[in-house]
Structures are given as structure tokens and as C-alpha cells.
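**Q** Predicted structure and sequence below. I'll ask about it afterward.
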Amino acid sequence: MKTIKTALLSYGMSGKVFHAPFLEMHPGFELTGSWERSKKLIQQDYPDVKSYGSLEELLADDVDLVIVNTPVDTHYEYAKKVLEAGKHALVEKAFTTTVAQAEELDALAKQKGLKLAVFQNRRWDSDLKTVKQVLDQKVLGEIVEAEFRFDRYNPNLSPKAWKEDNNPGAGILMDLGSHLIDQALYLFGFPEAVFADIRRLRENSQVDDDFSIMLYYPDKRVKLHSGFFVREGVPAYTLHGRKGSFLKQRGDIQEDVLKTGQKPNLEDWGTEPEEKAGFLHTEHDGELFRGHIPTQQGNYYSLFDGLYKSITENIQEPVTAEDGIRVLKIIAAAQQSSAQRKVVDLGAV
């Protein structure tokens, strides 16, 4: 089995929680180390790997794949250097801060014959996998309306300065919005138009922290919302079709379990509690059904396995640069829509 030597560009929460455990788990990856600027922590968890003192040192090493898991406003600069060094790249969301930056990286990767993927791990959440199953089974009939929400109750500013500084990569639209937009496009395709309302609600916030987006399709409307003032949650996924409805609260447990230090597996990993099962009310084959349905098992391992096969078999990345570009086009249109208080036609974007 070919080994893909992989390095991280930081070993904070994302490196420790979302990347290193799955690289360690997958037999095709070898974690070589991480660039660490101040705190030297990776060798506490992985004694045999390196703590690189600079990006140049990392890129000069025998590394095949680099995971760009730094603040969003650095993604373009670092991913470009990674590709120019002849390494494959996995870039966290949001892909870059502008469509033009993302398109340049995509062209560069193609020119050099390298793989460039976007880390949209929440396509492999138990919640979204269940929503996709319901859509694939067509038990709701033609979808006329859907609403996806990623809400929290946290009125306080983050202690992480880069999340609260007024820079192009900060704000809830770039952060949680990237997930919701990617999920909508993954399930329903690219819309015709966008309307958005983007706000700052927390005291002294310098970045957007609440948004509502409407995606216009010929046959349906898809609503997306995220904010920090939702103390009593509503369903994270609501789908209404011509035959029925499906409601699902957010229940994926992977992030919470990973934060405790537990290691992923291929058996019972990502199995959420039964009480969080989605509720289906529909008519199928002439009979009414109203009740809970089993939730699909979530596992971010599938993203890494897909990336491994993409590199070793030269097939499409699990989440492509083009996917990341489309998300950024929606973000740009949403920002324009909110600023001008009007619907933005995506044919003109």
C-alpha cells in the first residue's frame, strides 16, 4: 500500500481533533509532523513526528500532502506555496477569502498535476448523511422547501483573536456558513439567485455573527441560518416535499468525542444517540408513515479515504476545488445581497 506522507500547518484544535487522529487511523497516511510557531505540542501526542520551525523547513522535507489548517485569510498564501513546492493540498474551509484566489489555486494545481481538496468534513456528519438518504429514497416527493441551520448560544466574543479581527476570513458566514452552503450545494446543486441578511448582534463584535440566506431554485427554496443567540434549538434540517416532511436535530457526536481524546474506528464510530433520530411524516406506496427513522453513521474517515484514493488512483477529490469556488461565489453574492438589500442573480456573478 502506497504511503502518503502528510504534514499539518498547525497543531491547534483542528490539527489535534479533526486531522491527526484520522491520519493515524488510515493505513495509507503517515503523519510526518506539523509547523508549530510557539507551542510545541505535537510530539506530546505523536513522539515520532517532527515539529517544523518554519513553512520552508516543512516544504523542504519529504512530504507528499500538506493540510492547510490555518486561519482563513492565510489559506491562499500558504496553499499557493504548497502547490508551488509540488505537494498535494487539503485546505480547510472557507477555501480562500475570494473567488479569484480560489480559481488561481485551482488552475495552479491542475497545471502541476496535483490534487487540491477542500476540507468539508461535515458532509460526513451523521445528520447530513441521513438527510441525503431521505432525499435519495425520494420518500418526500419533490422537495419544495428546505431549511438548514447551524445555531449556537454563545453571546461572548471568541478568545481567538483571528476569529474576531475584522479580516476577510473572519465571521460566521465564512465559518459555519461555509458548511451550510456546501451542504446545500452538495444536495441541491447551484442555485439561480441569492438573498441574504448578514448582521452583527454580539456586543462589540467586529465581524458578522448572524446570517439568513435564501437560495432560489426553479422548483424550491433553500433557507440557511446561523447565529449565536439560539438558546433553545430548532431542527437543524427541515425538508418539506409534495408527499411529506422530514425534521432532524443536530446530533452528530464526532467533534465532541474527538475533543475528549477518543480515537476513531470503523465499527461504531459516529453513532449518535437514538433519541436524536430524525422524524419522518410522509405517504409512501399509498400508506402514511409518521415516526422516527434510524440515523446513518457518521465518519470523517471517509473524507480521508477519498483523498487517499484521489492521490493514489488519480481520481476526483472527495471535495474539489470547484466545490470550494462555488461556495465562495454564494458567499460573495450573499455579502452583496445583504449590503444592497436585494436579490442577486448568480448568472451575473
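**A** Structure's in. What do you need? Numbers count the residues shown, from 1 in each chain.

**Q** Can you get me a residue count around residue 304?
**A** Counted with other Cβ atoms under 10 Å, the neighbours of residue 304 add up to 26. All C-beta atoms are positioned from the backbone trio N, CA, C, and that covers glycine.

**Q** let me fix that: residue 78
**A** 21.

**Q** show me the contacts for it.
**A** Applying Cβ atoms under 8 Å, 6 or more residues apart in numbering, we find residue 78 in contact with 9, 55, 68, 70.

**Q** That one in helix, strand or coil?
**A** On the three-state scheme (DSSP: H, G, I helix; E, B strand; the rest coil), residue 78 is labelled helix.

**Q** Residue numbering should commence at 229 henceforth.
**A** In the new numbering, first residue 229, that becomes residue 306.

**Q** Kindly state the pLDDT recorded for it?
**A** Listed pLDDT for residue 306 reads 98.

**Q** Show the average pLDDT along stretch 250-257.
**A** 98.

**Q** Okay, buried residues for it please.
**A** Going by neighbour count (16 or more other Cβ atoms under 10 Å), the buried part of stretch 250-257 is 250, 251, 252, 253, 254, 256, 257.

**Q** got it, and stretch 271-291?
**A** Buried residues in stretch 271-291 (16+ other Cβ under 10 Å): 274, 277, 278, 279, 280, 283, 286, 287, 291.

**Q** Out of those residues, which sit inside helices?
**A** 283, 286, 287 (DSSP state H).

**Q** for these, which one is nearest residue 375?
**A** Using Cβ to Cβ, residue 283 comes nearest to residue 375 of these, at 41.1 Å.

**Q** In contact with the closest one, which residues?
**A** 237, 263, 306, 309.

**Q** now the contacts of residue 306 as CSV including distance to residue 361 and secondary structure?
**A** Formatted as CSV, the contacts of residue 306 follow (distance: Cβ to Cβ, whole Å; DSSP: H, G, I helix; E, B strand; the rest coil):
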residue, distance to residue 361, secondary structure
237, 35, coil
283, 41, helix
296, 31, strand
298, 34, coil
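
**Q** Pick the one among the buried residues of stretch 271-291 closest to residue 321.
**A** residue 283 (20.5 Å).

**Q** quick one on the thing from earlier: buried ones among the contacts of residue 283?
**A** 237, 263, 306, 309.

**Q** So, low pLDDT: which residues of the protein?
**A** 576-577 (pLDDT under 70).

**Q** Look through this structure and tell me its longest helix.
**A** helix 549-568.

**Q** quick one: contacts of that one?
**A** Taking Cβ under 8 Å, 6+ apart as the rule, helix 549-568 contacts 319, 321-324, 326-327, 330-331, 333-334, 337, 344-346, 348, 401-402, 405-406, 409-410, 413-414, 418-419, 422-426, 439, 441, 443, 571-572, 574, 577.

**Q** picking up where we left off before, where strands are concerned, which of the buried residues of stretch 250-257 count?
**A** residue 257 (DSSP state E).

**Q** got the residue ranges for the helices in the stretch 429-577 of the chain?
**A** Ranges of helices in the stretch 429-577 of the chain, per DSSP state H, counting those that start in this stretch, are 482-487, 529-541, 549-568.

**Q** Identify whichever of these lies nearest to residue 361.
**A** Per Cβ to Cβ, nearest to residue 361 of the helices of the stretch 429-577 of the chain: helix 529-541, 14.4 Å.

**Q** number of nearby residues for residue 411?
**A** Neighbours around residue 411, by other Cβ under 10 Å: 24.

**Q** Output the helices of the stretch 429-577 of the chain as CSV; include the columns distance to residue 497.
**A** Shown next, in CSV, are the helices of the stretch 429-577 of the chain (distance: least, Cβ to Cβ, whole Å):
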stretch, distance to residue 497
helix 482-487, 7
helix 529-541, 7
helix 549-568, 24
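
**Q** most neighbours per residue, which of these?
**A** helix 549-568 (a mean of 21; mean count of other Cβ atoms under 10 Å).

**Q** quick one: residue 285 from residue 266, how far?
**A** From residue 285 across to residue 266, the span is 16 Å (Cβ to Cβ, to the nearest Å).

**Q** can you check residue 359 too?
**A** Taking Cβ to Cβ, one finds residue 359 at 40 Å from residue 266.

**Q** In terms of neighbours, single out the busier of these two.
**A** residue 359 (23 against 5).

**Q** Among the helices of the stretch 429-577 of the chain, which comes closest to residue 453?
**A** helix 549-568 (11.9 Å).

**Q** Nearest residue to the middle of the protein?
**A** residue 348 (2.9 Å; Cα atoms, centre = their mean).

**Q** could you say which helix or strand contains residue 234?
**A** strand 232-236 (DSSP states H and E).

**Q** After that strand, which helix or strand is next?
**A** Past strand 232-236, the next helix or strand by DSSP H and E is helix 241.
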